[in-house]
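Q: Structure of the sequence below:
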Amino acid sequence: MDLIALEEIRRVKYRYLRCVDLKLWDDFADVFTEDAVAEYDTPVLGKPLRLAGRDAIIGYMRANLGPGTITTHLAGHPEIEIDGDHAQGTWALEDTVIVMAHRLLIRGAAHYEDTYRRCSDGHWRVSATGHKRTYEYTVSLADLPSLSFTANRWASDGA
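A: Numbers count the residues shown, from 1 in each chain. Sure, this is the predicted structure:
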């Protein structure tokens, strides 16, 4: 197995997660091929979310995961198979989404299924990604009367 390619692919996925959580949309765009597709299992929306093309993926994330939405995505246990300039990866995911405007917490787990391509510049990028939920639950923040945010990077007052 090409251990350098394996590590580069891991780093692409980790960058994907970090850029979503920190809302680094220009850096997030560089994670994807131009023709990338994404399909996320989104029970809270009532249907899968399908996005075709890097611009559609970035546009959706930028519009829907702005400063009023706090996210944390943790992925691990990668199983990656490399075949030349193409690779497949499976990752375990745990995520938390807090939508401040709706006072809603969404928590869940899933397994990502990714396809990667080594591009002409030598960098690995995501050409397809998506996940199927193992579980997902929601909690109204109104049901947690003692909940107090002591830090919120995206709030104007920091909390």
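Q: Every contact and neighbour count from this point should use C-alpha atoms.
A: Fine.
Q: in this structure, which segments are predicted with low confidence?
A: For the chain, applying pLDDT under 70 flags the ranges 157-159.
Q: For it, which segments are assigned as helices?
A: 3-22, 25-29, 54-64 (DSSP state H).
Q: Just name whatever secondary elements the second one is in contact with.
A: Going back to what we said before, that points to helix 25-29. Helix 25-29 sits against helix 3-22, helix 54-64, with contacts defined as 3 or more CA pairs under 8 Å, 6 or more residues apart in numbering; DSSP states H and E.
Q: In space, what's closest to the most centrally placed residue in the chain - neighbours in sequence excluded?
A: Closest to where the C-alpha atoms of the chain average out (CA atoms, centre = their mean) is Leu17, at 5.0 Å. Using CA to CA, 6 or more residues apart in numbering and skipping residues adjacent in sequence, the residue nearest Leu17 is His73, 5.9 Å away.
Q: What degree of burial does the one you found show, as a neighbour count?
A: Using other CA atoms under 10 Å, the number of residues around His73 comes to 17.
Q: Over to Glu113?
A: The number of residues packed near Glu113 is 19, by other CA under 10 Å.
Q: partners of the lengthiest strand in the chain in the sheet?
A: Determined from DSSP state E, the single longest strand within the chain is strand 124-140. Strand 124-140 pairs in its sheet with strand 32-40 (parallel), strand 104-118 (antiparallel), by DSSP bridges.
Q: Residues contacting that strand, please?
A: Here strand 124-140 makes contact (CA atoms under 8 Å, 6 or more residues apart in numbering) with 8-9, 12, 30-44, 103-119.
Q: wait, the residue nearest to Leu17 sits on Thr96?
A: Yes: if you go by CA atoms under 8 Å, His73 and Thr96 touch, sitting 6.7 Å apart.
Q: rewinding a little: quick check on the contacts of strand 124-140: which are buried?
A: Taking 16 or more other CA atoms under 10 Å as the criterion, what is buried in the contacts of strand 124-140 is 9, 12, 30-34, 36-41, 104-118.
Q: Make a markdown table out of the helices of the chain and add distance to Val139.
A: Shown next, in a markdown table, are these (distance: least, CA to CA, whole Å):
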| stretch | distance to Val139 |
| --- | --- |
| helix 3-22 | 20 |
| helix 25-29 | 28 |
| helix 54-64 | 19 |
